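Colleague: Only the shape, not the letters, is given here:
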């Protein structure tokens with residue numbers, strides 16, 4: 001009888017984990033701890049008091065390649081990190097996926113692309129990707145100085161592999177400029193586009 005009750009309790013508990021709600025706009029962004037490509041532990045909570053960008057990435061994705069190879073994302077990273085913004089890339093690709101790169105390979109590719117992110121993080125067990133319900137590469141999140149999520153979704157409205165060349169609106173740029181100026185963010189959530197995160 002006790003075994004049956006325990007099994008039933010576990011069945012009730014497991015779906016609660018699987019269907020955990022993604023972080024909400026205006027609510028605290030979930031904290032996490034990941035190793036970067038150099039093996040250093042990086043915690044989101046280390047950057048309290050700073051504006052933080054989370055960018056989901058997969059170096060084999062043509063949408064990611066488009067934004068990096070034409071300099072679009074690297075130029076944004078350089079500009080905003082010089083203004084004190086923290087920019088973290090997160091790779092949640094399953095290690096045995098054909099598109100996966102290990103830390104050394106990721107570091108080499110990002111250096112070739114002249115990336116200017118604060119840190120490049122490896123989410124090999126996909127915990128943080130699921131925690132944030134990251135769906136695509138790229139999928140962007142902007143967190144304010146108080147640690148609250150203020151934007152999530154697409155980087156812009158181009159929705160092609162051209163790397164933002166045809167974009168009329170860059171949502172991440174708008175969100176960052178608004179936070180830096182102490183203004184409200186007009187668009188706080190959009191549907192992300194790109195390659196699916198290879199969980």
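Modeller: The structure has been received and is ready for your questions. From a predicted model like this one, the values you see are computed outputs, not experimental measurements.

Colleague: Next SSE downstream of the lowest-mean-pLDDT helix or strand in the chain?
Modeller: Within the chain, no helix or strand scores below helix 2-18, which has a mean of 40 by mean pLDDT, DSSP states H and E. Per DSSP states H and E, the first helix or strand lying C-terminal to helix 2-18 is strand 33-36.

Colleague: Paired strands for that next one, with orientation please.
Modeller: strand 41-43 (antiparallel), strand 119-122 (antiparallel) (DSSP bridges).

Colleague: quick check, distance from that strand to the centre of its chain.
Modeller: The chain centre lies 13 Å from the centre of strand 33-36; the measure is CA atoms, centre = their mean, to the nearest Å.

Colleague: who's in contact with that strand?
Modeller: For strand 33-36, the external contacting residues (CB atoms under 8 Å, 6 or more residues apart in numbering) are 41-44, 90, 103, 119-123, 128. C-beta: built from backbone N, CA, C; applies to glycine.

Colleague: quick check, nearest of the residues you listed to residue 191?
Modeller: residue 90 (19.2 Å; CB to CB).

Colleague: quick one: the closest one and residue 160, what's the gap?
Modeller: Using CB to CB, to the nearest Å, residue 90 is found at 23 Å from residue 160.

Colleague: So for those two, which residue has more residues nearby?
Modeller: Comparing residue 90 with residue 160 by neighbour count (other CB atoms under 10 Å), the higher total belongs to residue 90, at 24 against 14.

Colleague: Tell me the bridge partners for that one.
Modeller: The partner residues for residue 90, given DSSP bridges, come to residue 56, residue 121.

Colleague: What's the separation between it and residue 113?
Modeller: Distance from residue 90 to residue 113, by CB to CB: 16 Å.

Colleague: What of residue 143?
Modeller: 24 Å.

Colleague: What number of residues are in the vicinity of the nearest residue to residue 32 once chain neighbours are set aside?
Modeller: Counting by CB to CB, 6 or more residues apart in numbering, residue 32 lies nearest to residue 128, which is 4.6 Å off, once chain neighbours are set aside. By other CB under 10 Å, the residues close to residue 128 number 21.

Colleague: Wait, residue 128 touches residue 92, no?
Modeller: Yes - counting by CB atoms under 8 Å, residue 92 is a contact partner of residue 128 at 6.7 Å.

Colleague: any shared contact partners between those two?
Modeller: Residues touching both residue 128 and residue 92 by CB under 8 Å, 6+ apart: residue 134.
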